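J.: how would this look folded up:
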Amino acid sequence: MKAATVKPNLRNQQRADVVTDIVIEGPDGCQLTCKISNLSRTGVMVSCNQETAGQLMPYLKAPAPGNCVKVKTRFSVPVAATQPVSILANGNIVHLRRMARDEFQFGIQFADFEDNGFDYVDNYVRKLLTDTSGSN
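T.: Predicted coordinates for the structure are as follows:
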């Protein structure tokens, strides 16, 4: 009998709502600009139109478990009020869903970051979540 593989919990990190651009480089080298919907320490939810989604996910089919689409991402987060820093991260598209006729969302799970990217994302998300919980 084959041992069951443990699937990572894709929702184990709190997500902060963020609306900003993200550039995604697909496996074929195409670079597409989309919008971030939310961000966590371990991944990002991205919104795009059908044409863009189709370029990243052929046939607009969600990736099968263990068969993720590898991508490179580039986006900015503020490290101070007036100083954004560019984040470069490799990741995998692990989720795809249709939201409306011409709107799709897909989830990218980060695999690794260049330089201090993880620390910047971690601090930014922590600040957003603290600001949000303090205003309730």
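
J.: what packs against the lengthiest helix in the chain?
T.: Assignment by DSSP state H gives helix 117-134 as the longest helix of the chain. In terms of contacts (3 or more C-beta pairs under 8 Å, 6 or more residues apart in numbering; DSSP states H and E), helix 117-134 is packed against strand 16-25, strand 31-39, strand 69-80, strand 83-100, strand 103-113. C-beta coordinates here come from the backbone N, C-alpha and C atoms, glycine included.

J.: Tell me which residues of the third one come out buried.
T.: By that I understand strand 69-80. Residues of strand 69-80 classed as buried: 69, 71-75, 77 (neighbour count, 16 or more other C-beta atoms under 10 Å).

J.: will you turn those residues into TSV that also has distance to Leu32?
T.: Listed next are these as TSV, based on distance: C-beta to C-beta, whole Å:
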residue	distance to Leu32
Val69	13
Val71	9
Lys72	11
Thr73	11
Arg74	11
Phe75	13
Val77	20
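
J.: Spatially, what comes nearest to Asp115 if we skip its sequence neighbours?
T.: In space, and not counting its chain neighbours, Asp115 is closest to Leu88: 7.7 Å by C-beta to C-beta, 6 or more residues apart in numbering.

J.: thought the one you found was touching Lys72?
T.: Yes - counting by C-beta atoms under 8 Å, Lys72 is a contact partner of Leu88 at 7.2 Å.

J.: Kindly provide the distance from the residue nearest to Asp115 to Gln109.
T.: According to C-beta to C-beta, to the nearest Å, Leu88 stands 16 Å off from Gln109.

J.: Cys68 too?
T.: Distance from Cys68 to Gln109, by C-beta to C-beta: 8 Å.
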